[in-house]
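Novice: how does the following fold in three dimensions:
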Amino acid sequence: MAAAAAQLSPGAVAAISEHKDGDGTLQPVLQVMDVRQVANTNKPAGSTERFRMVLSDGVHTLQSMLATAENYRVRDGSIRKGSILHLQEFTCSTIQHRR
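Specialist: You can find the predicted model right below:
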């Protein structure tokens, strides 16, 4: 028997970019399109590793950084390419005049 397809949150990428951070009212379901470890070239040895993810709402994508407290989920395989995530909280930062 095949598993049911996950219901992604259409329009979530646009909503995230416009959302007030920390409010907790927006909890979209997104799919991991890519996850990669970010090189720590300027960090001292033993620094916490960081992971960049590309997430999709089924139409649009966004780049994100995984909270370091959740790194174990990448290491244990629960977050990988194709995984479905239900975001409980997030922060959207403005970088180079883009959100």
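Novice: what segments of this protein are strands?
Specialist: For the chain, strands defined by DSSP state E occupy the ranges 29-38, 50-56, 61-65, 84-86.
Novice: of these, which stretch is the most buried?
Specialist: Using mean count of other Cβ atoms under 10 Å, the stretch among the strands of the chain with the greatest mean number of neighbours is strand 50-56 (a mean of 18). Any C-beta I mention is one placed from the backbone N, CA and C, and that applies to glycine too.
Novice: same question for it, mean pLDDT?
Specialist: Here strand 50-56 scores 95 as its mean pLDDT.
Novice: just stretch 28-39 next, same as before
Specialist: 94.
Novice: so which residue is smack in the middle of the chain?
Specialist: Ser64 (4.8 Å; Cα atoms, centre = their mean).
Novice: does that residue have beta-bridge partners, and which?
Specialist: Under DSSP bridges, the beta-bridge partners of Ser64 are Met53.
Novice: okay if I get the strands of the chain as JSON lines plus distance to Ala14?
Specialist: Converted to JSON lines, those look like this (distance: least, Cβ to Cβ, whole Å):
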{"stretch": "strand 29-38", "distance to Ala14": "12"}
{"stretch": "strand 50-56", "distance to Ala14": "12"}
{"stretch": "strand 61-65", "distance to Ala14": "9"}
{"stretch": "strand 84-86", "distance to Ala14": "17"}
